[in-house]
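**Q** quick one, what's the 3D model for this:
(chains A and B)
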Amino acid sequence: NAGVTQTPKFQVLKTGQSMTLQCAQDMNHNSMYWYRQDPGMGLRLIYYSASEGTTDKGEVPNGYNVSRLNKREFSLRLESAAPSQTSVYFCASSTGGNQPQHFGDGTRLSIL
Amino acid sequence: QKEVEQNSGPLSVPEGAIASLNCTYSDRGSQSFFWYRQYSGKSPELIMSIYSNGDKEDGRFTAQLNKASQYVSLLIRDSQPSDSATYLCAVSDSGAGSYQLTFGKGTKLSVIP
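**A** Here you go, the predicted structure:
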């Protein structure tokens, strides 16, 4: 029972490099989310997709882009990585509306 | 700016005691409230959902909601060392079609054997 699967689990980048974080869910959920979690800052929403074909900005979208590839998959792209984007990134999904979100295991990203 | 406030702790309780975790929120129209547990280095795990005023019990956990006071709490009875973790309060945003949750920064709980 996979739930929400994120790849990769760890990544080290150099400043200016680009990369895409992948997320897939097998719970037939409509809504998907990308968060970052930094010490002392809590979970902050980067982007979300309420349903297939739609995406919206969250609290901290600058420097990121997203793609809702299909109902299962929601990717997060860093076009030109900066040290300030060093963080733990979590993908989550829910049935939508005011329903709880279920999280993946996270990607630990370091940018040198 | 919608806010969810939690005491950062650490909250230390002896094994077997009741741990009480509190959360206040600013969005008066919020309808859904969640408690997540996060072990160090792990992802948040949903432990309780509550949608109406009053108490909701699930095993050793009880969530309490008071919308008039904009207050939600989590009680953990017979606390165990395995309950040591950070507990996140999450509150749904109000407004038609809102799909977002606002998370508090979490309360770190330490259960002392």
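**Q** how many other residues sit next to the closest residue in space to residue A:26 that isn't next to it in sequence?
**A** Nearest residue to residue A:26, sequence neighbours excluded (Cβ to Cβ, 6 or more residues apart in numbering or on different chains): residue A:2, at 5.3 Å. C-beta here means a position set from N, CA and C on the backbone, and glycine is covered the same way. Burial measure for residue A:2: 9 neighbouring residues, criterion other Cβ atoms under 10 Å in any protein chain shown.
**Q** now name the helix or strand holding residue A:2.
**A** For residue A:2, there is no host helix or strand (DSSP states H and E).
**Q** quick check: it touching residue A:72?
**A** No: using Cβ atoms under 8 Å, residue A:2 is not in contact with residue A:72; the gap is 10.7 Å.
**Q** give me the common contacts of these two.
**A** Common contacts of residue A:2 and residue A:72 (Cβ atoms under 8 Å, 6 or more residues apart in numbering or on different chains): residue A:26.
**Q** quick check: mean pLDDT across the helix or strand hosting residue B:86?
**A** Under the criterion of DSSP H and E, residue B:86 resides in strand B:85-92. If you average the pLDDT over strand B:85-92, you get 95.
**Q** neighbouring contacts of the next helix or strand after that strand?
**A** Next along the chain after strand B:85-92, taking DSSP H and E as the criterion, comes strand B:101-103. Defining contact as Cβ under 8 Å, 6+ apart, one finds that strand B:101-103 is touched by A:42-43, A:45, A:101, B:2-4, B:25, B:27, B:34, B:36, B:88-93.
**Q** could you rerun that using 10 Å?
**A** Applying Cβ atoms under 10 Å, 6 or more residues apart in numbering or on different chains, the external contacts of strand B:101-103 come out as A:33, A:35, A:37, A:42-45, A:48, A:59, A:92, A:94, A:98-101, B:1-4, B:6, B:25-27, B:30, B:32-34, B:36, B:44, B:88-93.
**Q** now that strand: buried residues?
**A** B:101, B:102, B:103 (16 or more other Cβ atoms under 10 Å in any protein chain shown).
**Q** quick one: mean pLDDT for it?
**A** 92.
**Q** distance from it to the middle of the chain?
**A** Offset of strand B:101-103 from its chain centre (Cα atoms, centre = their mean, to the nearest Å): 11 Å.
**Q** give me the pLDDT for residue 2.
**A** Reading this off chain A. For residue A:2, the model assigns a pLDDT of 78.
**Q** nope, chain B please
**A** 82.
**Q** kindly report the same for residue A:98.
**A** Residue A:98 is assigned a pLDDT of 80 by the prediction.
**Q** next one: residue B:33
**A** On the pLDDT scale, residue B:33 gets 95.
**Q** what's across from it in the sheet?
**A** residue B:50, residue B:91 (DSSP bridges).
**Q** just to check, it is in contact with residue B:24?
**A** No: with contacts counted by Cβ atoms under 10 Å, residue B:33 stays clear of residue B:24, the gap being 11.3 Å.
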